[in-house]
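# the following block contains a protein sequence and its predicted model.
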Amino acid sequence: MPIDLEALARLIDSGTHPANPAPGEKEAKNSVLHDETPCRVGYPAPTRQAPAEPGTPPRAGEVSGGVGWVSGRVPDSDFADKDGHKPRFEGGLSGLSGGFSGGHVATPEAGVVEVAGLPEGVEGFELHYIPEVGPGMGELLDLLMRQPVLGVDLETTGLDPHTSRPRLLSLAMPGAVVVFDLFGVPLEVFYPLFSREEGPLLVGHNLKFDLLFLLKAGVWRASGKRLWDTGLAHQVLHAQARMPALKDLAPGLDKTLQTSDWGGPLSSEQVAYAGLDAAVPLVLYREQRERARTLRLEKVLEVERRALPAVAWMELKGVPFAPELWEEAAREAEREAEALRGELPFGVNWNSPAQVLAYLKGEGLDLPDTREDTLAGYREHPLVAKLLRYREAAKRVSTYGKEWAKHLNPATGRIHPSWQQIGAETGRMACRKPNLQQVPRDPALRRAFRPKEGRVMLKADFSQIELRIAAAIAKEGRMLRAFREGKDLHALTASLVLGKPLEEVGKEDRQLAKALNFGLLYGLGAEGLRRYALTAYGVKLTLEEAQKLRDAFFRAYPALKRWHRSQPEGEVVVRTLLGRRRTTDRYTEKLNTPVQGTGADGLKMALALLWENRGLLWGAFPVLAVHDEVVLEAPEEGAKEYLETLTALMRRGMEEVLGGAVPVEVEGGIYRDWGATPWEEA
């Protein structure tokens, strides 16, 4: 609904200047949303106060310079110009007429203050600054709650929700932006706005950051269905692995105040900056919504939106970490590396590929290089075996070392990595600062991720999910039948390619079948299969054997071969089963994007369901999501029930994405730590 700006101005005035009401204000108080009596639009500058002594906390609502109104205008709910034409732009505001121009903030006391970077597409909104709670706040919140869409932005005193405070909350709508000073207006006031399933769609950029603070304050309770993140939306629409900054989508938008002091007295420029950060996403939203509809990406965006609170929840909670256990494992790796280096011949820099290659050739080993997969073929040679063990230990030391304790948050004693909800063009998540997805599977290292006494780790992963998805995409009947009948696909593959009865398939046969199933899924040739089988599964094959096994595999699963061969030449658009799209000209990406992307869609749907059903997980929460695995930390008491809930929600999430094309299995367990130290029920 269009907002009554005059009523809004009176509400604000009545709430912050009760001692000096505007003429006729008392009579209009009970019908302030409907009274059409003319009144001054805008909010008068806050009363000036003497500068605080150094080190004195800022007073609530203290603003240097004041804020009145901003020149320009947010387009109406249809984002149409005066002739009814909607602005069209590709992925940002640069296509709007004229790009960006400067605006200004006027105040009765401070005069005109220049504000750089006012987008031309954002015109004519009034900026209202609310420094404290007063009469009329309830009516104002009710007015905001009735809007169909609100732009939202938080400015905070720092980046860490555990050690910083929210300072400004900006809420934008067509025609007006209201900026609340949270040093004077408690964030809890906005609980109705952020906790209900029914309410305005909240549009913002990089909303995970805002959610971290809202979750920390305990005011966010709604599902992600009420969110639209213009950064995530851009990534989905353009299949990008990196979230763009708001200024990337709105060239010329001034972000110089982003790192200014938000904990002290505020300037009018800072308040205007905060208002723009809520207003600009509204312009982006309408174009993104239309583009999503055109590209048939609504379902993908819904999953991303619903997963957003869960990802923020996981990041806020962090991962338990015992630095003493990690340092113990690192010291052991150092000792092992030193001991192994002592067993290697003297006079060679074993960290130099050139020196190593020359020495090995001198020992009669005709090697093209010293890569891991090359050396793996000569593992039976005593020197090569020692070299590989040395490299493995040295890698643990150099890559992971002893410095992980620096990532511990001083306020929580836990590690809070930054989770990128879309960290790859396939749609997979990524993790950094630190990258927990690359922690080796070495139990000695992973056991350092251990919760306190009385709590456990619940680990669950999707069983053979990439094979299941590929079978569904390729419509490989034999594979689909095996999954529906609950058969062991690796044993079945071994039986088919080796010509053995199923009951005679042994452990080594099954290991070979794993190499075939996972190696040939994305079209490896015979040489690639030979290398993959050796490095990943320790299965040694000649090139001739690899070729024969490859041929037998595709005779057993002909639909997979047809799927591989059906990929057109050149640049094409590929999609996941849910509809996520990516443009690529690379053959392997044409195959792995639909499979890995569908897996990512299913994992995020599972995370969304965990958030939306967190009432079933009292005291439990997600701490890790690694491709096909989700890890929860939970109380020991009730751990079995929590694990059942976790596996059921994961299965349901993936099934919703797959649409019943293939059965989904989730395997899980209860452990003392991420390293899978067994947990025994007391």
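Everything's here; your move. Numbering: from 1, shown residues only.

# which stretches of the stretch 201-350 of the chain form strands?
Assigned by DSSP state E, counting those that start in this stretch, the stretch 201-350 of the chain shows strands spanning 201-204, 227-229, 266-267.

# helix, strand or coil: sort out residue 179 for me.
Classification of residue 179 using DSSP: H, G, I helix; E, B strand; the rest coil returns strand.

# show me the beta-bridge partners of it.
Under DSSP bridges, the beta-bridge partners of residue 179 are residue 129, residue 170.

# surely it is in contact with residue 127?
Yes: between residue 179 and residue 127 a contact is recorded at 6.6 Å, counting by C-beta atoms under 8 Å. No exception for glycine: its C-beta is placed from N, CA and C like everyone else's.

# could I get the strands of the stretch 201-350 of the chain as TSV with mean neighbour count?
Shown next, in TSV, are the strands of the stretch 201-350 of the chain (neighbours: other C-beta atoms under 10 Å):
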stretch	mean neighbour count
strand 201-204	24
strand 227-229	26
strand 266-267	25
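
# looking at these, which is closest to residue 354?
Of all the strands of the stretch 201-350 of the chain, it is strand 227-229 that lies closest to residue 354, at 48.5 Å by C-beta to C-beta.

# average pLDDT across that closest one?
For strand 227-229, mean pLDDT is 98.

# contacts for it next, please.
201-208, 281, 285, 288-289, 304-305, 308-309 (C-beta atoms under 8 Å, 6 or more residues apart in numbering).

# can you get me a residue count around residue 150?
Residue 150 sits with 23 neighbouring residues when counted by other C-beta atoms under 10 Å.

# again, but for residue 219
Using other C-beta under 10 Å: residue 219 sits among 20 other residues.

# contacting residues for it?
Counting by C-beta under 8 Å, 6+ apart, residue 219 has contacts 187-188, 190-191, 194-195.

# related to what we said a few turns ago, nearest to residue 465, out of the strands of the stretch 201-350 of the chain?
strand 227-229 (26.2 Å).

# returning to what we had before: buried among the contacts of strand 227-229? Make that a PyMOL selection.
Of the contacts of strand 227-229, the buried ones can be selected in PyMOL as follows, counting by 16 or more other C-beta atoms under 10 Å:
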select buried, resi 201+202+203+204+205+206+207+208+281+285+288+289+304+305+308+309
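
# that older thread, turn the contacts of residue 219 into JSON lines, columns for pLDDT and neighbour count.
JSON lines is the format used below for the contacts of residue 219 (pLDDT from 0 to 100; neighbours: other C-beta atoms under 10 Å):
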{"residue": "187", "pLDDT": "95", "neighbour count": "19"}
{"residue": "188", "pLDDT": "95", "neighbour count": "10"}
{"residue": "190", "pLDDT": "96", "neighbour count": "22"}
{"residue": "191", "pLDDT": "96", "neighbour count": "17"}
{"residue": "194", "pLDDT": "97", "neighbour count": "22"}
{"residue": "195", "pLDDT": "96", "neighbour count": "14"}
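
# got JSON lines for those, with distance to residue 560 and secondary structure too?
What follows is the contacts of residue 219, written out as JSON lines (distance: C-beta to C-beta, whole Å; DSSP: H, G, I helix; E, B strand; the rest coil):
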{"residue": "187", "distance to residue 560": "54", "secondary structure": "helix"}
{"residue": "188", "distance to residue 560": "56", "secondary structure": "helix"}
{"residue": "190", "distance to residue 560": "53", "secondary structure": "helix"}
{"residue": "191", "distance to residue 560": "53", "secondary structure": "helix"}
{"residue": "194", "distance to residue 560": "48", "secondary structure": "helix"}
{"residue": "195", "distance to residue 560": "48", "secondary structure": "helix"}
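
# from these, which is closest to residue 221?
residue 195 (3.8 Å).

# give me the number of residues near the spatially closest residue to the closest one that is not a sequence neighbour?
Here the nearest residue to residue 195 in space, its sequence neighbours aside, is residue 221; by C-beta to C-beta, 6 or more residues apart in numbering that works out to 3.8 Å. As a burial measure, residue 221 scores 14 neighbours (other C-beta under 10 Å).

# quick revisit: of the contacts of strand 227-229, which is the nearest to residue 599?
residue 304 (14.8 Å).

# next, count neighbours for the closest residue to that closest one other than its chain neighbours.
Leaving aside its sequence neighbours, residue 304 sits nearest to residue 232 (C-beta to C-beta, 6+ apart; 5.1 Å). For residue 232, the neighbour count with other C-beta under 10 Å is 24.

# and residue 232, how far is that from residue 170?
As judged by C-beta to C-beta, to the nearest Å, residue 232 and residue 170 stand 19 Å apart.

# ok, now residue 389?
Distance from residue 389 to residue 170, by C-beta to C-beta: 57 Å.

# neighbour-wise, which of the two wins?
residue 170 (25 against 16).

# the more buried one touches residue 179, doesn't it?
Yes: counting by C-beta under 8 Å, residue 170 touches residue 179, with 4.8 Å between them.

# mutual contacts of these two, please.
What both residue 170 and residue 179 touch, as defined by C-beta under 8 Å, 6+ apart, is the set 274-275.

# how about the strands of the stretch 551-682 of the chain, start to end?
572-575, 581-584, 621-626, 629-635, 666-671.
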